[in-house]
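J.: Return atomic coordinates for the entry below.
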Amino acid sequence: MNDDSLLSAEQIRSLSYPAPAGLLERVRPARRRHPAGWLAAAAVLLILLGFAMGRLHPDSDPAQPVLAAHLRSLQADHLMDVASTDQHTVKPWFAGKLPFSPPVVDLADQGFPLAGGRLEYLGDHPAAALVYHRHLHVINVFVWPGGTHSLSRSVDGWHMIGWTQAGMQAWAVSDLNLPELQQFVDLLRQH
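T.: From the prediction side, this is the model:
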């Protein structure tokens, strides 16, 4: 955000409206009785603003931004920046676009063909999104350096499996049934 888009204090004051009659008298006693409640409410508001503005790191619950990125890719019709079943096309496509080289494996012989990839941002860090298929199901694999999570989650029919390997954090997300998604992850981890 640049300085031109920020409102000055005077502009903010000009946006204010007078409070309804009697409101101040009703609020003052409550504020005096429960100062800790006001502090807690302010803390919650700051946390929510931090998440909304992308200031808090997604590692506090890594599954949430991963699922959000997966759903965004399906709804916005932006599944791939590079569409190719050839790992030797997809892997070099990321060169210069990311500060790391994601592992790209073609698992077509095992029933999980590579379809392509795209760039993603999860919170404040760039990630590679590798796209695979299993029949009519899309599997997104998000990869970025670091992390220590190894989890499995299911939310509203979406399954997520996270792991770390060779200094990379990875998450596979799909509506594919959990045993097949686990089979896919096991195959990826063997390479």
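
J.: Out of the helices and strands in this structure, which is least certain?
T.: Using mean pLDDT, DSSP states H and E, helix 35-52 stands out as the lowest-scoring helix or strand of the chain, at a mean of 50.

J.: For V105, see how far away the closest residue to R189 other than its chain neighbours is.
T.: Nearest non-adjacent residue to R189, counting by CB to CB, 6 or more residues apart in numbering: Q165, 6.0 Å away. The C-beta positions use only the backbone N, C-alpha and C, and glycine is treated the same way. With distances taken as CB to CB, to the nearest Å, Q165 is found 12 Å from V105.

J.: check which helix or strand covers L67.
T.: helix 63-75 (DSSP states H and E).

J.: element containing Y121?
T.: Judged by DSSP H and E, Y121 forms part of strand 114-122.

J.: circling back: for the residue nearest to R189, the count of nearby residues, please.
T.: 13 (other CB atoms under 10 Å).

J.: Contact partners for the closest residue to G157 other than its chain neighbours?
T.: Nearest residue to G157, sequence neighbours excluded (CB to CB, 6+ apart): D175, at 5.7 Å. Contacts for D175 (CB atoms under 8 Å, 6 or more residues apart in numbering) come out as 137-138, 157-159.

J.: With L187 instead?
T.: Residues near L187 by CB under 8 Å, 6+ apart: 105, 107, 110, 112.

J.: Apply 10 Å and report the result again.
T.: By CB atoms under 10 Å, 6 or more residues apart in numbering, the residues touching L187 are 105, 107, 109-112.

J.: Show me the strands in this structure, by range?
T.: Using DSSP state E, the strands of the chain run over residues 82-83, 114-122, 125-134, 137-145, 151-155, 158-165, 168-174.

J.: So for L23, what pLDDT did the model give?
T.: L23 is assigned a predicted lDDT (pLDDT) of 52.

J.: ok, now P29?
T.: 54.

J.: Over to I12?
T.: pLDDT recorded at I12 is 52.

J.: what number of residues lie near the nearest residue to V141 once chain neighbours are set aside?
T.: Excluding the flanking residues, the one nearest V141 by CB to CB, 6+ apart is L130, at 4.3 Å. Applying other CB under 10 Å, we find 26 other residues in the vicinity of L130.

J.: Under the pLDDT cut-off, which ranges of the chain? List them.
T.: Where the chain drops to pLDDT under 70, the residues are 1-62, 76, 149.

J.: try 80
T.: 1-63, 76-78, 123, 147-151 (pLDDT under 80).

J.: about what we covered before: between Q165 and V105, what contacts are shared?
T.: Counting by CB under 10 Å, 6+ apart, the residues touching both Q165 and V105 are 188-189, 191.

J.: Can I get the buried part of the residues you listed as one PyMOL selection?
T.: Buried members of these, defined by 16 or more other CB atoms under 10 Å, are picked up in PyMOL with:
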select buried, resi 188
